[in-house]
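Student: Model the structure of this input:
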Amino acid sequence: MSVLFAKGALKEDAVRIRKYDFHEFLVNVETDAGNPFMDAGLKGRFTAPSGKVVLIDGFYDGGGQWKLRFSPDETGTWSYELSGVHFSFSQRGKLICTKAASAGFIGIHPENPYAFAYWSGLPFFPMGDTSYGLYDDSPVTPKLRDTYLDMRRREAFNFIRMEVCHSHARGAHDNAYWPWGGTADKPDLDRFNPVFFKGLDQLLLQMKGKGMNAELILLNFYRLPFTNTKQWTPDRERQWLKYLLARYSAFSNIFMWTISNEYETHPDGAYRLDNPGDVDWAIRTAKFITENDPYRHLVTVHPVISSSTTGSSPASPINYPWRIGGFFGKEVAVMVLSQQTGQNGHGTRWNEQGQHWEGDDVNLTNSIRADRIYGKPVINTENGYEYLSTQATMKKQVHSTDKVRHSAWRIACSGGYFAAGFNGTLAHSDIWNEIDQPNKYSFVLKDEGAAAQLGLLYLFFTALPFWKMNPYDGISGKAVALSDGKTYVVYLPAGGTASLEIILKRKPKGRWFNPRTGIYRKALLSAGKGKLDLRAPDQNDWVLLIK
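Tutor: As a prediction, this is how the structure comes out:
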């Protein structure tokens, strides 16, 4: 880390850094700016060995300190220049980038627009968990957070859906949980609280050290001040986003920027789609993020209402299947299409005795395929949180282990990806303890078995050329299939029989995979003219792997 203590031009300072890691330049400079968060800045200009120029924004971190984080993507010698905006400072130097020790940032796979890959070229199969308040929810102690991250990595999860958000409950007693100046009662929204962000820095670095990525949700239109349309102005929203991008875009373990959870709640917290106002706002925001992110992280927006809706609320009838591409499919700045569907409806039912939803929503397959027509990755980031028998149901928003597993396999075998969630580790106890009284929620490192079963799914797919595989239409019966032309994966949600159209040059080899246990068993395949007749071992869900 370069620490620069002076005003004006400084001598050249050599820096060594590995490819895809970031170097943090620290500048201590006095400034006469009335509000350094708004009225001043630190800029960086970096020239790669190839001649490419990268422009980087720094950020104010309080106490007269400015920071700028830069991650090189080319080995060799870079030149750089730092300069102050509205204060006198300049610095020229060299940066030597050495061989990478990591796979780098995550983007779209260069050979398949529906798949993901690290910048190094290594394919990435995203499997997420949802822990909204991992940073700000009261029951999430640092020790529990550390144990949680280790647990999810062992279970093969590789990204967490989490919010950059604050806690009024905690912030009232500890300003580390309030990101702006002032207090929740008397906020100063034109300044930021570095203490809050330093804590978030440490969490993201902790995740990076464990190989865990983050889907960072940037705005929350369920909480003040975001829902106060007089306080939360467009200018303040842009300033908030610029600060977050300057501070965190150099982190290679940011998987995606998500503009907002349920973006339809913009701008006042009402669960209502203002069309085209909300859609246009999301597109403008996506463009703003891409214009201010030098590392080209993936950008998405999380919805709840289908673009085929006939009304303005989640309860309005839709033209099936559920989809979101009608709003964002053609927008370049929205790089990934996120879905929220499959919780209840077709093929599902509420189990009163078990206190959870169960079943299998066949429309999950149709939804993935409906959005794939736009040539982008499709990821369902909210299709049903697994219930926990020791916690309340979040007003009937929990699902059986079997249903969670069925949904994940159906999504993956339809050409999509998913994020899961578990009632015990959603990390929004502060909210639900308030809105679902007298029920009490906490952060509990337990589940009913779905986490381990989803880990089996991850191991199954990452042993295959999953990044080459696409939906396969030559399947009949109650089944869904993927293929790359050489390998076939067929999922039968309720066992039974199916027929696979296939051109055979030799007798194929097949194995049944039990998605509940991870155990394989030999498959006896009956070949006819141009097809294979399939019969699952029983009426449970099974996966057939054919090579």
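Student: From here on, just use CA atoms for contacts and neighbour counts.
Tutor: Fine.
Student: could you show me where the strands are in the stretch 51-200 of the chain, in order?
Tutor: 53-57, 59-60, 65-70, 76-85, 89-98, 106-109, 112-118, 123-124, 127-130, 159-163, 180-182, 187-192 (DSSP state E, counting those that start in this stretch).
Student: quick one: strands adjacent to the first one?
Tutor: In this case it means strand 53-57. strand 41-47 (antiparallel) (DSSP bridges).
Student: starting at the chain centroid, how far to the strand it pairs with?
Tutor: From the chain centre to the centre of strand 41-47 is a distance of 28 Å (Cα atoms, centre = their mean, to the nearest Å).
Student: ok, back up a step: looking at the strands of the stretch 51-200 of the chain, which is closest to Ile475?
Tutor: strand 112-118 (20.9 Å; Cα to Cα).
Student: The closest one pairs with which strands?
Tutor: Sheet pairing for strand 112-118, using DSSP bridges, gives strand 106-109 (antiparallel), strand 123-124 (antiparallel).
Student: Tell me which of those strands sits most buried.
Tutor: Ranked by average neighbour count under the criterion mean count of other Cα atoms under 10 Å, those are headed by strand 106-109 at a mean of 22.
Student: contact partners of it?
Tutor: By Cα atoms under 8 Å, 6 or more residues apart in numbering, the residues outside strand 106-109 that reach it are 114-119, 121, 123-124, 252-255, 296-298, 377, 467.
Student: can I see the domain layout of this structure?
Tutor: 2-98, 125-464, 472-546 (automatic domain parsing).
Student: most tightly surrounded among those?
Tutor: Mean neighbour counts for these (mean count of other Cα under 10 Å) peak at domain 125-464, with a mean of 20.
Student: Can you give the distance of that one from its chain's centre?
Tutor: Distance, centroid of domain 125-464 to centroid of chain: 7 Å (Cα atoms, centre = their mean).
Student: now the end-to-end length of that domain.
Tutor: Chord length of domain 125-464, first to last residue, is 11 Å (Cα to Cα, to the nearest Å).
Student: Which residue lies nearest the spatial centre of this structure?
Tutor: By Cα atoms, centre = their mean, the chain has its centre lying nearest to Glu215, at 2.8 Å.
Student: I'd guessed that residue sits against Ile254; true?
Tutor: Yes - with contacts counted by Cα atoms under 8 Å, Glu215 reaches Ile254, the gap being 6.3 Å.
Student: where does the stretch 51-200 of the chain have low pLDDT?
Tutor: Along the stretch 51-200 of the chain, no part satisfies pLDDT under 70.
Student: what do you get for the chain?
Tutor: In the chain, residues with pLDDT under 70: 1-13, 528.
Student: and if we set it to 50?
Tutor: Within the chain, the stretches with pLDDT under 50 are 1-11.
Student: And the strands paired with strand 112-118: which comes nearest Leu189?
Tutor: Smallest distance to Leu189 across the strands paired with strand 112-118 (Cα to Cα): 32.1 Å, for strand 106-109.
Student: and the closest one, how far from the chain's centre?
Tutor: When C-alpha coordinates are averaged (Cα atoms, centre = their mean), strand 106-109 and its chain have centres 13 Å apart.
Student: returning to what we had before: distance to Phe37 added to the strands paired with strand 112-118, as CSV?
Tutor: Below are those laid out as CSV (distance: least, Cα to Cα, whole Å):
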stretch, distance to Phe37
strand 106-109, 30
strand 123-124, 37
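Student: Of all these, which one is nearest Lys43?
Tutor: strand 106-109 (24.9 Å).
Student: Can you tell me how far Tyr80 is from Tyr243?
Tutor: Taken as Cα to Cα, the span from Tyr80 to Tyr243 is 22 Å.
Student: isn't there a helix covering Asn366?
Tutor: Yes - with DSSP: H, G, I helix; E, B strand; the rest coil as the criterion, Asn366 is located in a helix.
Student: That one: what's it in contact with?
Tutor: Asn366 neighbours (Cα under 8 Å, 6+ apart): 321-322.
Student: Please repeat the previous calculation with a cut-off of 6 Å.
Tutor: Shown in contact with Asn366 (Cα atoms under 6 Å, 6 or more residues apart in numbering): Pro321.
Student: can you tell me how far it sits from Glu74?
Tutor: Distance from Asn366 to Glu74, by Cα to Cα: 41 Å.
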